[in-house]
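# Using only what follows, build the 3D model:
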Amino acid sequence: MARALYIHWPFCLAKCPYCDFNSHVRDRVDHAHWQEALLADMRHEHGATVGGNDIGRPLESIFFGGGTPSLMPPALVARLLEEAEALWGFAPGIEITLEGNPSSVEAANYAALADVGINRVSLGLQALDDATLRFLGRLHDASEGLKALEVAQRNFARVSFDLIYARPGQSVDAWHAELERALAYGTGHLSLYQLTIEPGTRFETMVRKGDFTPLDEDACADMFALTREVTAAAGLPAYEISNHARPGEESRHNLTYWRYHDYSGIGPGAHGRRGGVATVRHRKPENWLAGIARAAHGIAEERPLGIAEQASEAMLMGLRLREGVDLAAMAARFGMAQDQLCDPAKARFYEGQGLVWRDGPRVGVTGEGMVLLDALLSELVPEQLVEA
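Next up, the predicted model:
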């Protein structure tokens with residue numbers, strides 16, 4: 001089973017529109033203190049994963065995410081990587097990703113971060129024009145973002161960036177032009193997300209106040225289909241509902257999640273799944289530090305997952321992937337019958353509609369079905385698993 005480590009760095013050095021806690025915004029951070037705390041959290045996770053099937057299984061990926069991890073001191077990143085390798089070992093060709101906001105301040109750190117072992121970067125460009133970036137609440141402008149992308153491509157062999165489409169007033173032709181422009185930058189991976197209006201978000205408030213009207217479902221479906229067609233023609237087919245890559249450049253770390261393999265998460269707010277147990281770290285930095293001082297880890301909740309809940313999560317994640325799910329392997333993994341995991345009558349019906357494909361024990365959602373993924377999941381995965 002693949003192993004992965006997620007390291008969450010909670011701080012932003014400028015007010016981020018997505019931060020939930022003002023304490024995340026710091027002008028100064030005691031990096032030595034945070035280094036020791038993160039190392040303690042990491043050592044606890046290693047102690048919880050030794051034994052059984054984890055013996056001799058080195059890390060295949062590490063992901064630095066959170067507030068502004070690209071502003072972490074390279075020496076701190078180097079020390080965390082050194083400790084992770086000493087504890088777990090590194091698989092050959094390990095993927096070590098840094099999540100970055102595309103600002104010039106952060107881009108200045110890229111060369112040093114590459115020198116200490118970061119070999120992949122994921123940039124949150126989100127759009128290629130200033131008006132959209134202002135609407136999305138981003139702090140960078142388009143020129144600054146593209147300059148950061150240029151610096152990233154000079155320093156890292158593997159670069160990804162994300163864009164958001166299906167924005168208010170956006171036409172299919174406008175998105176097509178923006179997508180072609182994005183592909184011209186030549187990265188091996190793109191994350192392309194439809195704008196969604198989630199409850200409790202700033203966007204929901206804006207819609208309720210009449211500040212903008214979301215695109216209708218037909219326009220969103222047309223843009224989704226266009227996205228898959230254009231990226232496939234460019235050699236970056238979709239391997240997950242919103243992620244596109246050249247063969248071999250898929251995000252190994254995210255595949256760990258989607259294939260429902262174990263991963264450890266450390267740092268404030270980090271989640272993990274290991275050995276049938278879900279872990280959640282304290283979200284607020286001060287509470288996480290207090291947990292480290294008290295118990296040498298920052299875990300707020302450690303909850304055993306029932307077999308049905310694990311199987312449900314595995315199905316709901318796996319059906320996001322183009323490769324689908326091997327029902328025989330999953331049934332053996334969880335000690336369940338294949339029919340318990342996926343309703344065979346519903347699978348046959350939606351196969352006939354061109355929305356689902358089946359190949360022996362493997363089942364998946366077609367490109368046409370992906371636009372209806374949420375509805376299909378509720379149909380294919382038996383209700384008792386969804387409710388587990």
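# Please count neighbours and contacts with C-alpha atoms only from this point.
Fine.
# Give me the below-cutoff pLDDT ranges for the stretch 1-150 of the chain.
Applying pLDDT under 70 to the stretch 1-150 of the chain picks out residues 1-2, 12-28, 50-56.
# Could I get the full set of helices for it?
Using DSSP state H, counting those that start in this stretch, the helices of the stretch 1-150 of the chain run over 31-49, 74-88, 104-107, 110-115, 130-136, 142-155.
# and the first one, what does it pack onto?
When contacts are defined as 3 or more Cα pairs under 8 Å, 6 or more residues apart in numbering; DSSP states H and E, helix 31-49 packs onto helix 74-88, strand 264-266, helix 285-295.
# which one of the ones you listed lies closest to Ser122?
Smallest distance to Ser122 across these (Cα to Cα): 16.2 Å, for helix 74-88.
# can I assume Gly364 sits in a helix?
No. Counting by DSSP: H, G, I helix; E, B strand; the rest coil, Gly364 is not found in a helix; it is strand.
# would JSON lines of the helices of the stretch 1-150 of the chain with distance to Ala296 and mean neighbour count be doable?
Listed next are these as JSON lines, based on distance: least, Cα to Cα, whole Å; neighbours: other Cα atoms under 10 Å:
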{"stretch": "helix 31-49", "distance to Ala296": "6", "mean neighbour count": "17"}
{"stretch": "helix 74-88", "distance to Ala296": "16", "mean neighbour count": "17"}
{"stretch": "helix 104-107", "distance to Ala296": "31", "mean neighbour count": "17"}
{"stretch": "helix 110-115", "distance to Ala296": "28", "mean neighbour count": "18"}
{"stretch": "helix 130-136", "distance to Ala296": "38", "mean neighbour count": "15"}
{"stretch": "helix 142-155", "distance to Ala296": "35", "mean neighbour count": "19"}
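# Compare these and give me the one nearest His271.
Closest to His271 of the helices of the stretch 1-150 of the chain is helix 31-49 (Cα to Cα; 11.7 Å).
# Contacts for that closest one next, please.
Helix 31-49 has contacts (Cα atoms under 8 Å, 6 or more residues apart in numbering) with 73, 76, 79-80, 83-84, 87-88, 264-267, 274-275, 289, 292, 296-298.
# what angle do it and helix 285-295 make?
Helix 31-49 and helix 285-295 are oriented at 60 degrees to each other (axes from the mean of the first three to the mean of the last three Cα atoms, to 10 degrees).
# Make JSON lines out of the helices of the stretch 1-150 of the chain and add distance to Leu319.
Shown next, in JSON lines, are these (distance: least, Cα to Cα, whole Å):
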{"stretch": "helix 31-49", "distance to Leu319": "27"}
{"stretch": "helix 74-88", "distance to Leu319": "30"}
{"stretch": "helix 104-107", "distance to Leu319": "35"}
{"stretch": "helix 110-115", "distance to Leu319": "34"}
{"stretch": "helix 130-136", "distance to Leu319": "29"}
{"stretch": "helix 142-155", "distance to Leu319": "31"}
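# do you know which of the ones you listed lies nearest Ala311?
Nearest to Ala311 among the helices of the stretch 1-150 of the chain is helix 31-49; the distance by Cα to Cα comes to 20.5 Å.
# Need the residue closest to the centroid of this protein.
Asn254 (5.5 Å; Cα atoms, centre = their mean).
# and Leu190, bridged to which residues?
Phe161, His244 (DSSP bridges).
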